[in-house]
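Peer 1: based on what follows, work out the 3D shape:
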Amino acid sequence: MAQTPATSAFDWVGGEAAVRQLVDRFYDLMDLEGAYAALRAVHPATLDGSRDKLHWFLFRSKTSFILCIGRAGFNPKLTCGSNTFAL
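Peer 2: Model prediction:
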């Protein structure tokens, strides 16, 4: 059986679970690698909120407008509203 081609970059990388793994690895490296100390310094002491916000930023292109409403730090008019227009 032939594989169906991915319809978007989001699907190509493996969907939400893969995006979350990518985000977690990004923040893990910030904590582990001294080369990223300057980048780490501009983040809060705990990275939990940053991880969630980046995940939702990357994931939002596949979510509906309703799912974005109420997410901490996301104004639906700024983040989800553009999903209805081709950019």
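Peer 1: what pLDDT is listed against the closest residue to residue 22 other than its chain neighbours?
Peer 2: Using C-beta to C-beta, 6 or more residues apart in numbering and skipping residues adjacent in sequence, the residue nearest residue 22 is residue 13, 7.2 Å away. Just so you know, the C-beta spots here come from the backbone N, C-alpha and C atoms, and that holds for glycine as well. With respect to pLDDT, residue 13 scores 78.
Peer 1: residue 39 and residue 55: what is the separation?
Peer 2: Here the criterion is C-beta to C-beta, to the nearest Å. By it, residue 39 lies 18 Å from residue 55.
Peer 1: can you list the low-confidence ranges for this protein?
Peer 2: Regions of the chain meeting the criterion pLDDT under 70 cover residues 1-6, 61-87.
Peer 1: let's see 50
Peer 2: Under the criterion pLDDT under 50, the flagged ranges of the chain are 64-69, 87.
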